[in-house]
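**Q** I'd like to go over a predicted model; first the sequence, then the structure.
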Amino acid sequence: MPATINKQRLLTQLFTAFKKSYEPGEAPPRPVLEQFIYGVCREGATTEQAERAYRILQERFFDWNEIRVSSVREVEEAFTGLPGAELRAERLISFLQEVFETTFSFDLESLQKKGLKQAAKQLSRYQAANDYVVSWVVQRTLGGHAVPLDPPTLRTVQRLGLIESEQEDTEAVRASLEHLIPKARGPLFSDLVSHLADEACWDDEPNCSACPLAGECPTGQEACRAGVPARASRPKPR
């Protein structure tokens, strides 16, 4: 019980710490197919980075079909600055190709009429799908309770102590987080953790002294005891 109470207090502090300094705003509603594409942009990236990549895709290409028939190099340019840009481009083209071959369109709204489990199962069959993207679509468009987990999110929640350090199974980690986080706050949680990972909880040498949760975070407490100074910027990209 004490561990659960501590985690709930930490979550409350997470939501309040960034209330004034960071407001991600409400994301626009997107159809299933577009949310899947946005999920490909968003994985391992911040909201701002994903928005930029998604906007470039919409501005540089006439429609989704033009992206489908474009080269990986052409599509990759939209993901400049994001980790794994080439792989993202390959996944996006592959996804659009599969959708077109199976539906002869770029419309997956029929999934809205299926149950959450069936819809998620069907999405997971696409070669471009992975656990993160499927969870993202479930959370943002299908109305389910799912917490998308990419490396920055996993790293941050583990350091904060929201999950046990020995937990490695993604499904078990997600189940633990979904038990702690109310469904209505799931999207905000994902955005805040992503922001925290980008601002302070870096992969290499986290800037704990600049983190507003350092006093409650086990990793932050250890860094403060060791007298690790705050840094103005990260030594290298995350």
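**A** Here it is on my side, so go on.
**Q** give me the most central residue, this protein.
**A** The centroid of the chain falls nearest to Glu43 when counting by C-alpha atoms, centre = their mean (4.7 Å).
**Q** centre of the chain to the longest helix that the chain contains, how far?
**A** Taking DSSP state H as the criterion, the chain has its longest helix at helix 85-103. Relative to the centre of its chain, helix 85-103 is centred 19 Å away, using C-alpha atoms, centre = their mean, to the nearest Å.
**Q** orientation of the helix or strand that comes right after that helix relative to helix 85-103 in degrees?
**A** Going down the chain from helix 85-103, the next helix or strand is helix 116-124, by DSSP states H and E. Helix 116-124 and helix 85-103 are oriented at 110 degrees to each other (axes from the mean of the first three to the mean of the last three C-alpha atoms, to 10 degrees).
**Q** buried set for helix 116-124?
**A** Ala119, Ala120, Gln122, Leu123 (16 or more other C-beta atoms under 10 Å). For the C-beta atoms, the positions are set from N, CA and C on the backbone; glycine is no exception.
**Q** domain assignment for this structure?
**A** Following automatic domain parsing, the chain resolves into domains at 2-23+148-225, 32-140.
**Q** centre of the chain to the first one, how far?
**A** This means domain 2-23+148-225. Here the centre of domain 2-23+148-225 is set off from its chain's centre by 13 Å, with C-alpha atoms, centre = their mean.
**Q** go on, stretch 133-147?
**A** Relative to its parent chain, stretch 133-147 has a centroid offset of 11 Å by C-alpha atoms, centre = their mean.
**Q** average pLDDT for the longest helix of the chain?
**A** Average pLDDT, helix 85-103: 97.
**Q** send the alpha carbons of that helix over as PDB?
**A** Extracted C-alpha coordinates of helix 85-103, given in PDB (Å, rounded to 0.1, in the frame of the first residue of the first chain):
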ATOM      1  CA  ALA A  85      14.200   8.600 -39.900                       C
ATOM      2  CA  GLU A  86      14.800   6.100 -42.700                       C
ATOM      3  CA  LEU A  87      13.000   3.300 -40.800                       C
ATOM      4  CA  ARG A  88      10.000   5.600 -40.100                       C
ATOM      5  CA  ALA A  89       9.800   6.300 -43.800                       C
ATOM      6  CA  GLU A  90      10.000   2.600 -44.700                       C
ATOM      7  CA  ARG A  91       7.200   1.800 -42.100                       C
ATOM      8  CA  LEU A  92       5.000   4.600 -43.400                       C
ATOM      9  CA  ILE A  93       5.200   3.500 -47.000                       C
ATOM     10  CA  SER A  94       4.700  -0.100 -46.100                       C
ATOM     11  CA  PHE A  95       1.700   0.700 -44.000                       C
ATOM     12  CA  LEU A  96       0.000   2.800 -46.700                       C
ATOM     13  CA  GLN A  97       0.800   0.000 -49.300                       C
ATOM     14  CA  GLU A  98      -0.800  -2.600 -47.100                       C
ATOM     15  CA  VAL A  99      -3.900  -0.500 -46.400                       C
ATOM     16  CA  PHE A 100      -4.300   0.200 -50.100                       C
ATOM     17  CA  GLU A 101      -3.900  -3.500 -51.100                       C
ATOM     18  CA  THR A 102      -6.500  -4.600 -48.600                       C
ATOM     19  CA  THR A 103      -9.100  -1.800 -48.800                       C
END
